[in-house]
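Asker: Coordinates for the following, if possible.
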Amino acid sequence: MLRRLGGRPLLSRIIQIAAGAVAAADQIMVITDDDEAALLAERMGCRAVVHEDQAPAGNGIEWPHIYRAITQHEQDSASPVQTVSLLQPYLPLLQAADFHAGCELLAERDVDSVVALGQHSASNGGRRPVESRPRVDRLAARDLGALAMSKRRAISPQGFLGRRIKYTHIPAHRAFEVHSPQDWWVCEKLLAQKRIVFVVAGYNAIGMGHVYRGLLLAHELMDHEIIFVCTRESELAARQLAANKYSTHVQTTADLAAEVLALKPDLVINDFLDTDGEYVRRLKESAVRVVNIEDMGSGAAEADMVINALYEQEVSLPNHRTGPEYFCLRDEFLQAAPSAFHPEARQVLITFGGTDAPDLTGRIFELIYPLARQRGLRLSIVTGPGYLHIQRLQQRVAAVMAGLVEIANGTKRMSEYMAKADLAFSSAGRTVFELVSMRVPAIILAANRREETHTFASAQNGLTYLGRHDAVRDSTILKTLQTLLDEPEQRRTLYERMCRHDFRSGKKRVIDEIQSLLYAPIEEDVSYAHADYR
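Answerer: Next up, the predicted model:
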């Protein structure tokens, strides 16, 4: 118990946990057969009892030792004990809240004892009827689980628990027991964990790019506890995140800051378009680190760090990381071979993100299919999980020469579809970076006003940008496609411009920035609120 865990003796951690559940340290009694452990307990203000009995090998403290210590304490203090909580000596991750939950149950009139089990051991909502349990009153102290508590009347030299027992549960990571060297190593990792809360938005009007990026970063931060909070309208995002097995909450009130702070984060990563300055200030006033992504709101001046791969700035502030070098490429693209250049284009890809609210997919398919059929071009159509027009699109494709067209909905093989393409149609979001990484010249239509500000979609980067979709004529789209088909040298020029870019280090660059911020000391607040950060 005296070996150091995370820089402190294990016993001192246990005492500190108990101190969070009592009014004074002298209400904590450490029963031990180790005089050095007793000395540490006394120096921390606790009552220490060293028992002299020789217990059978491996059995440790038994009920008679506990009973004698309680009765001796009552005699010394001339005050009867009302309740007793028994905390095992190898549970350094418990919290005072675990005690309080048990105390609430113990306060019920028809309850003698409460046993808190690790979540992995509990069933039926964390409680079991006593008849489905073994004779817990006969168990040794070490076998009682994470935590046990009893009213004084139930405690005897023969056992700690009364007949009327209720069970509660403690999350498995807090009920973790340290016994072996391997346990010790795991617990060191758990103690070093930080809690990171991602706040994201994802619904039909704005797409799912924020969600996919959040998942991409979360997968790289698995040493820490990850929680997602979705904005109120983001049920689509919540379903996607829950499917990836992350703890996910949906905002339920107008006070987003309060809901985020209730999760007690060490770091908040906001990825939901423009943040509000007051929201970010409230997070930072609670000593929470804040990273904003793709943020052009007033909160961008308040955050500890802003990462904007899509928005390049002429003058970047010290807290901003901008430009394509901060784009996070998904793993499937890191492992993919780029598309080869073919003088004669043979396949065209149509993909407009996870939701495609204006249904640009349907528009482009209807527009270019006659030309594709005439020239023998194959069409690949990739839509996302939030695309609402999939049935109509499938019916339309089935009504034409389907052999020329293939559809994929919600695929995880986007890099393969890009690798087969000679040309692509896409919106101006993060897909443009993926197209460039795969060397696929593309015709780009901004899906909304926000995307009009994404300056990377340009000819100098191998992309033919036509403008916002509702301001572009069908004739312009067709003429652009025909030009790229008929003039392979122009397409080759775009292809070669793409070869200048390498996004493979972007994700590591972003993760390194987040990690450095996560462990940096909280210093005096530095605000850029009066700077022209745009």
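Asker: Just want the most central residue of this protein.
Answerer: I226 (3.3 Å; CA atoms, centre = their mean).
Asker: Could I get the CA-only coordinates of the helix or strand hosting that residue as CSV?
Answerer: With elements taken from DSSP states H and E, the one containing I226 is strand 225-230. Below are the C-alpha coordinates for strand 225-230, written out as CSV (Å, rounded to 0.1, in the frame of the first residue of the first chain):
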residue,chain,number,x,y,z
GLU,A,225,-11.6,9.7,-21.9
ILE,A,226,-13.7,10.9,-24.9
ILE,A,227,-17.2,12.3,-24.7
PHE,A,228,-19.3,13.8,-27.5
VAL,A,229,-21.9,16.5,-27.1
CYS,A,230,-24.1,17.1,-30.1
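Asker: for the closest residue to the residue nearest to the centre of the chain other than its chain neighbours, what are its contacts?
Answerer: Nearest in space to I226, with sequence neighbours left out and distances taken as CB to CB, 6 or more residues apart in numbering, is A218 at 4.8 Å. The way it works is simple: take the backbone N, C-alpha and C, and place the C-beta from them, glycine included. With contacts taken as CB atoms under 8 Å, 6 or more residues apart in numbering, A218 has the following neighbours: I196, F198, I226, F228, Y246.
Asker: Just confirm F198 is within a strand.
Answerer: Yes. Counting by DSSP: H, G, I helix; E, B strand; the rest coil, F198 is located in a strand.
Asker: Surely it touches D271?
Answerer: Yes. F198 is in contact with D271 according to CB atoms under 8 Å; the separation is 6.7 Å.
Asker: quick one: common contacting residues for the two?
Answerer: Taking CB under 8 Å, 6+ apart as the contact rule, F198 and D271 both touch G214.
Asker: Pick out whichever of the two has more residues nearby.
Answerer: Comparing F198 with D271 by neighbour count (other CB atoms under 10 Å), the higher total belongs to F198, at 29 against 23.
Asker: gap between that one and I407?
Answerer: Summarising the geometry, the distance separating F198 from I407, computed by CB to CB, to the nearest Å, is 31 Å.
Asker: likewise A301?
Answerer: Using CB to CB, one obtains 44 Å as the distance from A301 to I407.
Asker: Comparing these two, which residue is more hemmed in?
Answerer: Taking neighbours as other CB under 10 Å, A301 and I407 compare with A301 leading, 23 against 19.
Asker: Go ahead and confirm that one touches T275.
Answerer: No. If you go by CB under 8 Å, A301 and T275 don't touch, sitting 9.8 Å apart.
Asker: Endpoint to endpoint, stretch 345-361 covers what distance?
Answerer: For stretch 345-361, the separation between the terminal residues is 20 Å (CA to CA, to the nearest Å).
Asker: ok so, going back, pLDDT of the strand holding I226, averaged?
Answerer: For strand 225-230, the mean per-residue pLDDT is 95.
Asker: Name every strand pairing with it and say which way it goes.
Answerer: Sheet neighbours of strand 225-230, with direction, are listed as strand 195-200 (parallel), strand 247-250 (parallel) (DSSP bridges).
Asker: need the next SSE after it, C-terminal direction.
Answerer: Once the chain leaves strand 225-230, the next helix or strand it forms, by DSSP H and E, is helix 235-243.
Asker: could you give me the average pLDDT of that next one?
Answerer: pLDDT averaged over helix 235-243 equals 92, rounded to a whole number.
Asker: quick one, that helix and strand 225-230 angle?
Answerer: Interaxial angle of helix 235-243 relative to strand 225-230 (axes from the mean of the first three to the mean of the last three CA atoms, to 10 degrees): 160 degrees.
Asker: check contacts around A520.
Answerer: Neighbours of A520 in contact, by CB under 8 Å, 6+ apart: R289.
Asker: Local confidence estimate at it?
Answerer: Value listed for A520 in the pLDDT field: 76.
Asker: Next: A172.
Answerer: Looking at A172 specifically, the model assigns a pLDDT of 79.
Asker: isn't it right next to L117, touching?
Answerer: No. The criterion here is CB under 8 Å, and A172 misses it with L117 at 9.9 Å.
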